[in-house]
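Colleague: This is a predicted model, with the sequence first.
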Amino acid sequence: MITVQVAERLVPFAEKRKRVKIAVGGRGGSKSIAFADMFLKYAYDGETLCCAREFQNSIEDSVHSLLSSRIEALKVQDDFNIMAKEIHSRSGGKLFYKGLSRNILSIKSMFGVNKIWVEEAQGLSNESITTLIPTIRENNSELWFSLNRGSSKDPFSKRMLEPYEKAVRKHGFYEDEDILIVEINWQDNPFFPVTMDKDRRRDKELMSEAEYNHIWEGYYSDTVDNAIIIPEWFDACIDAHKVLGFEPEGQEIISYDPADTGDAKAIAHIQGSIVKEVKQNTIDSIDTGTDWALSYTVNHRPDVFSYDADGIGGGLKRQIEDALQGKKIQVEQFKGSQQVDRPDETYQDSERSSETQPKTNKQMFTNKRAQYYWLLRERMFKTWQAVKKGKYINPDELISISSDIEELNELRAEVCRIPRKYIASGRIQLMPKHEMKTKLKIESPNMADALMMAMRTIDLDDYEEEEDYEYQSASGWMG
């Protein structure tokens, strides 16, 4: 007989029957060991079990060695036959392994599997998830997933975690008739080794806050090499107005990114320094997507409606003007590919030394997109200084992001995965969206772009030189 001991948070995995069971969290939470022990118990009881992962080039990539070591730790060597590529129990149970990435179609032929455990599930492709779930279809069969969060834009995160993320973060679990999700980290593990705790303490001292939180506290990892905004800055901006005690003041702005065909459309809604809403819609039609954005705009009656007029957005002028006619909403066109605003004005950068030779905006930035993403970066950095370092900064220079935004995790992922592209001139240029897609496999950051566009409207609010208001001749006040 096998007696299994697991952390209290994982007991429901053994006691409750659910179609999908997910254990998610950082290093040291005992997820893998607990799953291994419970699967050995089920094999001991005669069940046929599959242990899978997205990439498995050889048996060394599987959990075979973990299961073998747990058989020894549980002192049940006499009850199992450890083979080269499978483990059989004396009662007829079996554990075998599958790599899904290169053999996804092969799992369609798996019959008689009672449970499947997918380790490192954050790496699953959308194809693997879509194929796997209906394949395991025996009566009372279950799908178990263990993982440390990857990016909030990963297929598994978007499909299996995002709908329940707020409940999981608030309560530590989510449960309904079909699914059980449990958050478990090192502090929830009563068997957490002293040596591992030493590693954790050292990492806390040496790592950035975002990196430590990802590895040990189960946070998403939403950054890339050369990202211009780091997750710590974004996190400091969440409800910063409540922390620092300032209210929304100034113009109310709604900005809209119509995106390319196949990409989600997005809007951002800002008042003063406070981001009230950022949301997206997967409508493919540019006309229908624009109607969605305009409907939101008419309902909320902002002072300004700004939209991306580069590319596909260039043909929206008539549709937008017709919808906002008589609404007293100022319409602005944003063209990120154009030359910077106020090209000859000295750029004010809080991170540059006073001894550094000052540069103009046209010497600093390649185009408006880079200029206003950098302003968003500047606001987030200042907010981090105010919230985390206690530095007083005028709230007009900060940015606060409402925690009520439903897609906050996806917004974080988009904002923190905008990479700089280094060029010979030294000016600041961002990696174009088509390169982000092809080189980094990053989806178009349309919510982040909508947020960035609102920075231009805020920045130009008090700047009244006629040459910088070229958009007013194209649109002006609708009334």
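Modeller: Alright, I've got the coordinates.

Colleague: Show the residue spans covered by the helices in the stretch 201-350 of the chain.
Modeller: 209-217, 231-237, 240-244, 286-300, 317-324 (DSSP state H, counting those that start in this stretch).

Colleague: Between those helices, which one is closest to Arg53.
Modeller: helix 209-217 (19.3 Å; C-beta to C-beta). All C-beta atoms are positioned from the backbone trio N, CA, C, and that covers glycine.

Colleague: With distance to Leu66 added, can I get the helices of the stretch 201-350 of the chain in a markdown table?
Modeller: Output for those, formatted as a markdown table (distance: least, C-beta to C-beta, whole Å):
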| stretch | distance to Leu66 |
| --- | --- |
| helix 209-217 | 20 |
| helix 231-237 | 31 |
| helix 240-244 | 43 |
| helix 286-300 | 47 |
| helix 317-324 | 58 |
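
Colleague: Could you say which of those is packed most deeply?
Modeller: Per-stretch averages of neighbours, counted by mean count of other C-beta atoms under 10 Å, single out helix 231-237 among the helices of the stretch 201-350 of the chain, with a mean of 23.

Colleague: can you give me the offset of that one from its chain's centre?
Modeller: The chain centroid and the centroid of helix 231-237 are separated by 13 Å under C-alpha atoms, centre = their mean, to the nearest Å.

Colleague: ditto for stretch 127-135
Modeller: For stretch 127-135, the distance to the chain centre is 22 Å (C-alpha atoms, centre = their mean).

Colleague: list the buried ones in it?
Modeller: Ser128, Ile129, Thr131, Leu132, Thr135 (16 or more other C-beta atoms under 10 Å).

Colleague: Test for you: state the pLDDT assigned to the third one.
Modeller: Read that as Thr131. Here the pLDDT value assigned to Thr131 is 87.

Colleague: quick one on the thing from earlier: with mean pLDDT as added columns, please give the helices of the stretch 201-350 of the chain in JSON lines.
Modeller: Formatted as JSON lines, these follow (pLDDT from 0 to 100):
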{"stretch": "helix 209-217", "mean pLDDT": "93"}
{"stretch": "helix 231-237", "mean pLDDT": "96"}
{"stretch": "helix 240-244", "mean pLDDT": "97"}
{"stretch": "helix 286-300", "mean pLDDT": "96"}
{"stretch": "helix 317-324", "mean pLDDT": "95"}
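
Colleague: Relative to Met453, which of those is closest?
Modeller: Between the helices of the stretch 201-350 of the chain, helix 286-300 lies closest to Met453; by C-beta to C-beta that is 12.1 Å.

Colleague: bridging residues for Leu401?
Modeller: For the record, residue 401 is Ile, not Leu. Ile238, Val275 (DSSP bridges).

Colleague: So which residue is dead centre in the protein?
Modeller: With distances taken as C-alpha atoms, centre = their mean, Ser152 lies nearest the centre of the chain, 2.7 Å away.

Colleague: Look at that residue and tell me its secondary structure.
Modeller: coil (DSSP: H, G, I helix; E, B strand; the rest coil).

Colleague: pretty sure it contacts Ala413?
Modeller: Yes: the pair Ser152 / Ala413 is scored as a contact, 4.5 Å apart, by C-beta atoms under 8 Å.

Colleague: I'd say Trp431 and Arg417 touch.
Modeller: Not quite, residue 431 is Met, not Trp. No: contact between Met431 and Arg417 fails when scored by C-beta under 8 Å: they sit 9.9 Å apart.

Colleague: re earlier: where do the contact lists of Ser152 and Ala413 overlap?
Modeller: Overlap of the contact sets of Ser152 and Ala413 (by C-beta atoms under 8 Å, 6 or more residues apart in numbering) consists of Tyr220, Asp222.

Colleague: wait, what's in contact with Ala84?
Modeller: Ile59.

Colleague: Grab the nearest non-local neighbour of Asn213.
Modeller: Spatial nearest neighbour of Asn213, excluding adjacent residues (C-beta to C-beta, 6 or more residues apart in numbering): Tyr219 at 4.0 Å.

Colleague: contacting residues around that neighbour?
Modeller: Gly26, Arg149, Ala210, Asn213, Pro231.

Colleague: Ile184: neighbour count?
Modeller: 25 (other C-beta atoms under 10 Å).

Colleague: how about it, what does it touch?
Modeller: With C-beta under 8 Å, 6+ apart, Ile184 has these contacts: Ala7, Arg9, Leu10, Ala23, Val24, Gly25, Gly29, Ser30, Lys31.

Colleague: Now it. Its backbone dihedrals?
Modeller: phi -140, psi 130 (degrees, to the nearest 10).

Colleague: What residues of stretch 192-210 count as buried?
Modeller: Buried, per 16+ other C-beta under 10 Å, within stretch 192-210: Phe192, Arg200, Glu209, Ala210.

Colleague: how is the protein carved up into domains?
Modeller: With domains defined by automatic domain parsing, the chain comprises 8-188, 231-477.

Colleague: Now distance to Glu205 too, for the ones you listed, in TSV please.
Modeller: Formatted as TSV, these follow (distance: least, C-beta to C-beta, whole Å):
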stretch	distance to Glu205
domain 8-188	16
domain 231-477	16
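
Colleague: who wins for proximity to Asp225 among the ones you listed?
Modeller: Per C-beta to C-beta, nearest to Asp225 of those: domain 231-477, 6.6 Å.

Colleague: what's the neighbour count on the closest residue to Arg420 other than its chain neighbours?
Modeller: Nearest in space to Arg420, with sequence neighbours left out and distances taken as C-beta to C-beta, 6+ apart, is Asn226 at 4.8 Å. By other C-beta under 10 Å, 12 other residues sit near Asn226.

Colleague: With Glu60 instead?
Modeller: Other residues lying near Glu60 total 8 when counted by other C-beta under 10 Å.

Colleague: just to revisit the earlier point, got a list of what the residue nearest to the centre of the chain touches?
Modeller: Going by C-beta under 8 Å, 6+ apart, the list of residues near Ser152 reads Lys158, Glu162, Tyr220, Asp222, Asn409, Glu410, Arg412, Ala413.

Colleague: can you pull the pLDDT of it?
Modeller: Confidence score, pLDDT, at Ser152: 88.

Colleague: Could you measure from it over to Leu161?
Modeller: Relative to Leu161, Ser152 is positioned 8 Å away (C-beta to C-beta, to the nearest Å).

Colleague: next one: Asn139
Modeller: Taken as C-beta to C-beta, the span from Asn139 to Leu161 is 27 Å.
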